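Asks: Show me the folded form of this:
(chains A, B, C and D)
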Protein chains: 2
Amino acid sequence: MGHPPFAVTVDLVVLTLTGEELCALVVRRGIEPYRGEWALPGGFVREDEDLSDAARRELAEETGLAPGTVHIEQLAAYGAPDRDPRMRVVTVAYLALAPDLPVPRAGTDAADARWIPVRSREHLAFDHDRILADGLERARAKLEYSPLATAFCAPEFTVAELRRVYELVWDTRLDPRNFHRKVTGAEGLLEPTGRTTTRDGGRPAQLYRRGKAELLYPPMLRS
Amino acid sequence: MGHPPFAVTVDLVVLTLTGEELCALVVRRGIEPYRGEWALPGGFVREDEDLSDAARRELAEETGLAPGTVHIEQLAAYGAPDRDPRMRVVTVAYLALAPDLPVPRAGTDAADARWIPVRSREHLAFDHDRILADGLERARAKLEYSPLATAFCAPEFTVAELRRVYELVWDTRLDPRNFHRKVTGAEGLLEPTGRTTTRDGGRPAQLYRRGKAELLYPPMLRS
DNA sequence: ACAAAAGTGTTTCTAATACACCCATGG
DNA sequence: CCATGGGTGTATTAGAAACACTTTTGT
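Replies: Numbering: from 1, shown residues only, chains lettered A, B, ... in the order given. As a prediction, this is how the structure comes out:
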């Protein structure tokens, strides 16, 4: 009746949007167990490190992304006794959303890294299929009532780019006109920059930055 | 660069409704650290035990509640390096909602246990103030879009009793007539038993069981 | 009879949807 | 000029809010 020793890791569900798809970052494992298989990036929490610091450190190591530009939040803890054959490991999973797709960079214990489309349903090592599924569900749900969709966008973005985030993550179509009215009307969601762009073709579109709102009201509705 | 050993615990935010207040279960610590102070119930995860099993075991040990009658779900993990002065401890917090208030039962390492009204803002040991606040926020948020409110009710309950759950957890008043129409109209939320009760006074009220719905649509709105 | 709480009907207002239409650019 | 996407106006409809009113019990 003491306290058995555990190893504690952080694992990352890192999502981004390529041109046409919602993708997750995976790394090929360079060591046992599951050597050679694809898994979520992650690693052991260090002696004097907070969980969120460990998650941010791993994210920087595996992607080279500047920490400031990436949204990161805790997802859940996973600790089934047999989830790692080596020893008892509890992992705390984090969800990260990145605006663009920098070329993934291999970490110290990862031979390779790449983006996989989430609809490919590729099998991952450990219980990472489940963790990825939970991360996706969290991201999809939070788009409804939070400004999280802006985390997938560059610092300055158009309404159409924001709409494409919703359409790709939810795999639906949204009416461009009603969407425009809704997001420009939502208090504190968007901050106009005054500048415009024609990068999407057609009439120039206003460029916006994310506003200060933490909550999206009224919420977007998944059709 | 190995993997430093951690202790892993589960802590419980157990909420119930007394006659007039939303209350959380706390135990007085019988051992150091924080001996004699109030804390959330919890304990170490055993060698071959899943996290959720540990949470359910602790809940049964500290309350004597039959596991089937209590809603329990994972809340979050907390792992600041200095959160326990003895050693590096990561705790996985669970949120539990109980229908009535059985007399709390002292656990093995707890000298005493009691319900505290959440509005008392009583100070707890470790980082348990924060964990309790997170649990409250989770419960309040989930009432909006899930049938979670029924977890505070006895197996058979009236619409008025369900409404009182919302009013106490949210600390608001809801129109009894619109509330009635809304919850009886929500698909799969309530299952009529055909029986009635006059325990609330006045005209007899229909008794309901919780339905099979996992999601509440349309959601309840916090005013 | 009266108080008290359950439950229904109806009106008003807000917001989602659908879609016609105009605007501003590139080619 | 026309194609393309940005953005506005407006009618329809669903649901929230407010509240008058009826029902069924206990005392």
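
Asks: the domain parsing of chain A - what is it?
Replies: Chain A breaks down into these domains under automatic domain parsing: A:7-127, A:145-210.

Asks: Redo those as CSV? Include mean pLDDT.
Replies: CSV is the format used below for the domains of chain A (pLDDT from 0 to 100):
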stretch, mean pLDDT
domain A:7-127, 90
domain A:145-210, 96
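
Asks: okay, the ones you listed, which one's buried deepest?
Replies: domain A:7-127 (a mean of 18; mean count of other CB atoms under 10 Å in any protein chain shown). Placement of C-beta: from N, CA and C, glycine included.

Asks: Report all helices and strands that the top strand by length along chain A contacts.
Replies: As assigned by DSSP state E, the longest strand anywhere in chain A is strand A:7-17. Contacts defined by 3 or more CB pairs under 8 Å, 6 or more residues apart in numbering or on different chains; DSSP states H and E place strand A:7-17 against strand A:22-29, strand A:42-44, helix A:51-63, strand A:89-97, helix A:128-145, helix A:159-170.

Asks: isn't residue A:25 right next to residue A:16, touching?
Replies: Yes. In this structure, residue A:25 is within contact of residue A:16 by CB atoms under 8 Å, at 7.5 Å.

Asks: What residues does chain A have near chain B?
Replies: A:2-9, A:44-51, A:74, A:76-81, A:88, A:90, A:92 (CB under 8 Å from any CB of the partner chain).

Asks: so what's residue A:215 up against?
Replies: A:145, A:146, A:147 (CB atoms under 8 Å, 6 or more residues apart in numbering or on different chains).

Asks: so where does it fall, helix or strand?
Replies: Here residue A:215, judged by DSSP states H and E, is contained in no helix and no strand.

Asks: rewinding a little: in a markdown table, list the contacts of residue A:215 along with distance to DNA strand D.
Replies: Below are those laid out as a markdown table (distance: CB to the nearest atom of the strand, whole Å):
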| residue | distance to DNA strand D |
| --- | --- |
| A:145 | 15 |
| A:146 | 20 |
| A:147 | 17 |
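
Asks: Return the closest of those with respect to DNA strand C.
Replies: Nearest to DNA strand C among those, counting by CB to the nearest atom of the strand, is residue A:145 at 11.1 Å.

Asks: Residue A:220: what secondary structure?
Replies: Following DSSP: H, G, I helix; E, B strand; the rest coil, the label given to residue A:220 is coil.

Asks: now swap in residue A:209 and tell me
Replies: Classification of residue A:209 by three-state DSSP places it in strand.

Asks: hey, what's it bridged with?
Replies: For residue A:209, the beta-bridge partners under DSSP bridges are residue A:191.

Asks: wait, what's in contact with residue A:179?
Replies: So residue A:179 contacts A:159, A:163, A:166 (CB under 8 Å, 6+ apart).
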